[in-house]
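> How does the following fold in three dimensions:
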Amino acid sequence: MSGRPPREWRAETGFAIDAVYDESSLRPDLADALGRPGAYPFTRHIQESGYRERSWAPSLYSGFGTPADANRRFRYLLEQGNGRANIATDLPTQIGLDSDDPDAEGEVGRVGVAIDSLADFEVMFDGVPLDKIPISFNVNTVAPIFVAMLVATARKQGVDPRAVTGTVANDLLHEFVARGTWRYPPEPSLRLIADLAEYATDELPQFYPFNIRSILLHELGAHPGQEIGITFAIACRYIDEILARGIPIDAFAPKLSFFFGIGLNLFEEAAKFRAARRLWASIVSERYGTTKPSSLKLRITSVAPCGSHFTAADPELNLVRGTLGCLAGALGGVQAMLGTTIDEAFDIPTERTQHLALRTQQIVALESDVCATVDPLGGSYFVEALTDRIEEQARAEMARLGGPEGIVDAIVAGVPQTDLAQRAYEIEQEKERGERPIVGVNVHRAAESAPLTLHTPDLDLHEQKAAELAQLRASRDAAAVDRCVSALRGAAESGENVMPHLVDAVEAYVTVGEICSVFDGVFGAYRQPAVV
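The predicted model follows:
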């Protein structure tokens, strides 16, 4: 480490980090800004006891190949102490393509499990009691279809859907900004998002109809102020959409959850979560006029850390990065954590690498004192200064994008997309110049690294799943399919909530691709603006 020029220490949000922080760094109203854990403004934690009674829930993400493959993997993880079945789907499924679609070839089952119909859900959840195991779906375009399939599968298990627990992403505006697995224009996408949220509020009291995904911004390089500001503008836009249907804020706000990214700047990431909790409580209280604590609490799932921080060079070092990310989430008081695996830069994880990621979280929770006291960084000169600065920048970002009222127009105009593309470019330039040190990549390079045993995808799945779909279509009740498709099209055209019709359709084994084609005919296609 010697012989290098002095490093200029800067926060991800851009401001210089002082060499020393002291009492002059603290705001005069610190006591009010902190509050007590479990009380407004929830800076310190949403629970009074923090992790003393229950730590965060490990929530590793899994899914690949066929539904039977996925079932075996997440049953293994559940046996090892994973907190839920957190389902990863392949790219064709995420954008509503059946596995026999020509555009799906080469991607079926690659980065997640291939789901085409209710028959796949029946296999995937075989032996998984849906009234006891929380289920999480990280999907957006097909979120209403997946929830309909979950309801239908619960019924087939003899489980009351009102007892089903879990969450679904259901967050298409972040897809327009950051990833691209959208299918319909923003306005009909918002309508489907609200249909699902309304249905879940009425029919699925234990199920969270949102897991709002700021992680997608983080993976593009968003700094903490951008990550919070863009996300809260989007979240409030969703709330406004649901309120317009006459649903009271306190009927659904307690069922909102958020999925944040985590980086490797330990103190800044912890401060980000503290700032986000405080800002969210303030926004919901002031904008929507509620004082109900359960409506003001920011419930955070995170990933420890984001895969963009893991390297292909010297990949075993990623286990250390994973520990840093886990500590940042724990010190920041999150409720659940996915764990990135050391082979992230190569392929989806193997059982062995997921085992290591899960055990990392369990060691931090059980063998350290991170859970011993609530908000252990609270009162730190440095962390409190970071918390204040991040909150200020998040507020400024929301205002710059026009707040909830202007966020859709900003997205359609490509404003946040352009900002994030520019920042991603700047980050890569900093790495190239060595200003952002990455051990094993641009500093302390190893001559060679230990080989990893990687996941081997099944390249024949396209044909296998296509044959299964042909058999399904030949064996199902064609008249029932036609009736359900017609009813679904009518609901989409009339503005009626589509969810009850989706449940009927999936129970008739209408496929994901067939359902999305119905919506295509009603909502049309969307072309995203070029980012310059």
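> Would you mark the buried spots in the helix ranked longest in the chain?
As assigned by DSSP state H, the longest helix anywhere in the chain is helix 266-288. The neighbour-count check on helix 266-288 (16 or more other Cβ atoms under 10 Å) flags 266-285, 288 as buried. Where C-beta positions appear, they are placed from N, C-alpha and C, glycine not excepted.
> Could you list the low-confidence segments of this structure?
For the chain, residues meeting the criterion pLDDT under 70 lie at 1-6, 529-532.
> Now do the strands in the stretch 201-350 of the chain.
Remark: strands assigned in the stretch 201-350 of the chain by DSSP state E, counting those that start in this stretch are 207-208, 210-212, 256-260, 300-304, 336-339.
> helices or strands up against the fourth one?
Right, strand 300-304. strand 256-260, helix 266-288, helix 318-332, strand 336-339 (3 or more Cβ pairs under 8 Å, 6 or more residues apart in numbering; DSSP states H and E).
> give me that answer again for 10 Å
helix 215-220, strand 256-260, helix 266-288, helix 318-332, strand 336-339, helix 351-367 (3 or more Cβ pairs under 10 Å, 6 or more residues apart in numbering; DSSP states H and E).
> As CSV, those with distance to Ala70 would be great.
CSV is the format used below for those (distance: least, Cβ to Cβ, whole Å):
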stretch, distance to Ala70
helix 215-220, 21
strand 256-260, 20
helix 266-288, 30
helix 318-332, 23
strand 336-339, 16
helix 351-367, 12
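> between the ones you listed, which one is nearest to Glu426?
Comparison of the helices and strands packed on strand 300-304 against Glu426 by Cβ to Cβ identifies helix 215-220 as nearest, at 11.8 Å.
> quick one: buried residues of that closest one?
Buried, per 16+ other Cβ under 10 Å, within helix 215-220: Ile215, Leu216, Leu217, His218, Glu219, Leu220.
> Throw the residues you listed into TSV and include distance to His444, thanks.
As requested, the buried residues of helix 215-220 are exported to TSV (distance: Cβ to Cβ, whole Å):
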residue	distance to His444
Ile215	28
Leu216	31
Leu217	30
His218	25
Glu219	25
Leu220	27
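> Between these, which sits nearest Leu454?
Glu219 (21.2 Å).
> Excluding sequence neighbours, find me the nearest residue to that closest one.
Ser308 (4.9 Å; Cβ to Cβ, 6 or more residues apart in numbering).
> For Gln417, see how far away the one you found is.
Distance of Ser308 to Gln417, computed by Cβ to Cβ, to the nearest Å: 17 Å.
> repeat for Asp116
Applying Cβ to Cβ to Asp116 and Gln417 gives a distance of 31 Å.
> neighbour-wise, which of those two wins?
Counting neighbours by other Cβ atoms under 10 Å for Asp116 and for Gln417 shows that Asp116 has the greater number, 27 against 20.
> how close does the more buried one sit to Asp98?
Asp116 is 5 Å from Asp98, where distance means Cβ to Cβ.
> try Lys297
Using Cβ to Cβ, Lys297 is found at 39 Å from Asp98.
> what do you get for Pro188?
21 Å.
> more neighbours, these two?
Asp98 (25 against 17).
> OK, contacts around that one?
Neighbouring residues of Asp98 by Cβ atoms under 10 Å, 6 or more residues apart in numbering: 92, 104, 108, 114-117, 465-466, 469, 473, 511-517.
> mind listing the helices for the stretch 51-200 of the chain?
67-79, 91-94, 118-124, 143-157, 172-174, 186-203 (DSSP state H, counting those that start in this stretch).
> Mind checking those for the one nearest to Tyr425?
Here helix 172-174 is closest among these (Cβ to Cβ), at 20.4 Å.
> Please compute how far that closest one lies from its chain's middle.
Centre-to-centre, helix 172-174 and its host chain are 11 Å apart (Cα atoms, centre = their mean, to the nearest Å).
> Begin at 54 from now on, thanks
Happy to do that; since the first residue is 54 now, the last one works out to helix 225-227.
> What lies in contact with it?
Outside helix 225-227, the residues touching it (Cβ under 10 Å, 6+ apart) are 193-194, 196, 234-239, 241-243, 245-246, 265-270, 283-284, 286-288, 290-291, 312, 460-461, 464, 469.
> Filter those residues down to the buried ones.
Among these, those buried by neighbour count (16+ other Cβ under 10 Å) are 193-194, 196, 234-239, 241-243, 245-246, 265-270, 283-284, 286-288, 290-291, 312, 460-461, 464, 469.
> Any idea which of the strands of the stretch 254-403 of the chain gets closest to Gly455?
Across these, Gly455 has its closest neighbour in strand 263-265 (18.2 Å, Cβ to Cβ).
> And the closest one, what does it pack against?
strand 219-221, helix 239-256, helix 277-296, strand 309-313.
> Pull the distance from that strand to the chain's centre.
7 Å.
> ok, now stretch 389-405?
Distance of stretch 389-405 from its chain centroid, counting by Cα atoms, centre = their mean, is 15 Å.
> mind listing what's buried in that stretch?
Residues 389-403 are the ones in stretch 389-405 that count as buried (16+ other Cβ under 10 Å).
> same thing with stretch 538-551?
Neighbour counts over stretch 538-551 (16+ other Cβ under 10 Å) mark Val538, Ala540, Leu541, Arg542, Ala544, Ala545, Asn550, Val551 as buried.
> I'd like those written out as CSV, with secondary structure and distance to Glu444 added.
Below are the buried residues of stretch 538-551 laid out as CSV (DSSP: H, G, I helix; E, B strand; the rest coil; distance: Cβ to Cβ, whole Å):
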residue, secondary structure, distance to Glu444
Val538, helix, 49
Ala540, helix, 48
Leu541, helix, 44
Arg542, helix, 46
Ala544, helix, 42
Ala545, helix, 41
Asn550, coil, 37
Val551, coil, 38
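> now for those, which pair is the farthest apart?
For the buried residues of stretch 538-551, the farthest-apart pair by Cβ to Cβ is Val538 and Asn550; their separation is 17.0 Å.
> now the helices for the stretch 404-553 of the chain?
Using DSSP H, counting those that start in this stretch, the helices found in the stretch 404-553 of the chain span residues 404-420, 434-453, 456-465, 468-486, 514-528, 531-547, 552-560.
> which one of those helices is the most hemmed in?
Among the helices of the stretch 404-553 of the chain, helix 552-560 has the highest mean neighbour count (mean count of other Cβ atoms under 10 Å), at a mean of 23.
> okay, now the domains of this protein?
107-486, 514-576 (automatic domain parsing).
> Identify whichever of the ones you listed lies nearest to Ala72.
Nearest to Ala72 among the domains of the chain is domain 107-486 (10.6 Å), distances taken as Cβ to Cβ.
> Which single one of the buried residues of stretch 389-405 is nearest to Pro277?
Nearest member of the buried residues of stretch 389-405 to Pro277, counting by Cβ to Cβ, is Met390, at 17.4 Å.
> Surely the closest one and Arg137 touch.
No - contact criterion Cβ atoms under 10 Å: Met390 and Arg137 do not qualify, at 11.5 Å.
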